[in-house]
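*Asks:* I'd like to go over a predicted model; first the sequence, then the structure.
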Amino acid sequence: MNQPPQTFDPTRTALFLDVDGTLLEIEQHPDAVAADPDLIQALGAASHAVDHALALISGRSLEDLDRIFSPERFAAGAAHGTELRGADGATKKRPAPSLPAGMLARLDRFVARADGLLCERKAAGFSLHYRKAPDYEPQARSLVKEILAELGEDFRLIDGKMVLEIAPRAHTKGEAIRWFLSSPPFTDRRPVFVGDDVTDEDGFRYVNTLGGYSIRVGGNAGSLARYTLDNVAAVRRWMSGAFAAGICADTDR
Ligand SMILES: O=P(O)(O)OC[C@H]1O[C@H](O[C@H]2O[C@H](CO)[C@@H](O)[C@H](O)[C@H]2O)[C@H](O)[C@@H](O)[C@@H]1O
């Protein structure tokens, strides 16, 4: 297990952070997740330390991220990179094919079968949750497989933590990080990306190609990530230590 460095040069580092399972513990329901004031303060301090080259990189929608981190509105690559908000606050929605209404109605009928099933609609795709109805996992899988076959090559399945997500194939966390690095204040900085799930592997791959720091929460065996932090608490300790405004030191770049 390879622990990430504790010090970074804040003038040369861009920090990218996944949300669920990385900054915040997994909860039974997506709406039960909200950032505590300490986390919001630590993110604000880290963002200040790197001159605002900090972005959330999440499967969540932008609207949901703003609810979770209210009253802050951090730069973000949301919905796996379909919705983007830069450090200047300007938003951009990447073009994506929309889902047919009949398909969404089919998902609604499926989730009506059990209280614990939930479908979150995204800007281009959806997340079908079965955490509170695990017996329905096989049926959820076969429905999502059918839907994916109908949607064709433009979409992909992300097999997440008790959730099956359909997202545009071209929109990945790696692409979201690439977008940020193409404009100030992210340009010419070495990326650091922390994530915990399969959907974060695209981000790890891209960051590795740039010689950045890829960090997986909960162990990096079988992951492209080169470093690991044990859990959410360890991520928060590491971030506060390494990116507290004003106390960062030079690294090896
Ligand atoms: O990319 P992330 O920020 O990690 O988001 C991935 C998905 O996270 C959320 O679902 C997961 O967290 C929920 C709350 O802890 C949990 O109930 C669920 O079982 C997990 O799969 C979110 O609801 C999805 O929209 C995100 O895509």
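*Replies:* Thanks, I have it.

*Asks:* Just say helix, strand or coil for residue 10.
*Replies:* Following DSSP: H, G, I helix; E, B strand; the rest coil, residue 10 is assigned to coil.

*Asks:* from memory it sits against residue 47, does it?
*Replies:* No. Using Cβ atoms under 8 Å, residue 10 makes no contact with residue 47, being 10.4 Å away. Backbone N, C-alpha and C define where each C-beta goes, glycine included.

*Asks:* can you give me the helices for the stretch 151-253 of the chain?
*Replies:* 173-181, 201-209, 232-242 (DSSP state H, counting those that start in this stretch).

*Asks:* which neighbours do residue 10 and residue 47 share?
*Replies:* When Cβ atoms under 8 Å, 6 or more residues apart in numbering defines a contact, no residue borders residue 10 and residue 47 alike.

*Asks:* what does the stretch 51-200 of the chain put close to the ligand?
*Replies:* Neighbours of the ligand within the stretch 51-200 of the chain, by Cβ under 6 Å from any ligand atom: 58-60, 120, 127, 129, 131, 160-163, 165, 197, 199.

*Asks:* Spit out the contact partners of the residue of the stretch 51-200 of the chain found nearest the ligand.
*Replies:* Closest residue of the stretch 51-200 of the chain to the ligand, Cβ to the nearest ligand atom: residue 59 (2.3 Å). Residues in contact with residue 59 (Cβ under 8 Å, 6+ apart) are 20, 79, 80, 122, 127, 158, 160, 165, 167, 199.

*Asks:* Please work out which residues outside the helix or strand containing residue 128 touch it.
*Replies:* Residue 128 belongs to strand 125-129 when assigned by DSSP states H and E. Identification of contacts with strand 125-129 by Cβ under 8 Å, 6+ apart yields 30, 59, 79-80, 82, 96, 99, 104, 107, 110-111, 117-120, 140, 143-144, 155, 160, 162-168.

*Asks:* on that earlier part again, from the residues of the stretch 51-200 of the chain next to the ligand, keep the buried residues only.
*Replies:* With burial judged by 16 or more other Cβ atoms under 10 Å, the buried subset of those is 58-60, 120, 127, 129, 131, 160, 162-163, 165, 197, 199.

*Asks:* got TSV for these, with pLDDT too?
*Replies:* Converted to TSV, those look like this (pLDDT from 0 to 100):
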residue	pLDDT
58	98
59	97
60	97
120	96
127	97
129	98
131	98
160	96
162	98
163	98
165	97
197	95
199	93
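
*Asks:* surely residue 44 meets residue 72?
*Replies:* Yes. If you go by Cβ under 8 Å, residue 44 and residue 72 touch, sitting 6.6 Å apart.

*Asks:* Which secondary structure element is home to residue 144?
*Replies:* Here residue 144 sits within helix 137-151, counting by DSSP H and E.

*Asks:* For that helix, buried residues please.
*Replies:* For helix 137-151, burial by neighbour count (16+ other Cβ under 10 Å) applies to 140, 143, 144, 147, 151.

*Asks:* chain center to it: distance?
*Replies:* For helix 137-151, the gap between its own C-alpha mean and the chain's C-alpha mean amounts to 23 Å (Cα atoms, centre = their mean, to the nearest Å).

*Asks:* Which other helices and strands does that helix contact?
*Replies:* helix 101-111, strand 125-129, strand 155-159, strand 163-168 (3 or more Cβ pairs under 8 Å, 6 or more residues apart in numbering; DSSP states H and E).

*Asks:* what angle sits between the second one and strand 163-168?
*Replies:* Angle between the axes of strand 125-129 and strand 163-168 is 170 degrees (criterion: axes from the mean of the first three to the mean of the last three Cα atoms, to 10 degrees).

*Asks:* Which strands border strand 125-129, and is each parallel or antiparallel?
*Replies:* strand 118-122 (antiparallel), strand 163-168 (antiparallel) (DSSP bridges).

*Asks:* Packed most tightly, which of those would that be?
*Replies:* strand 163-168 (a mean of 22; mean count of other Cβ atoms under 10 Å).
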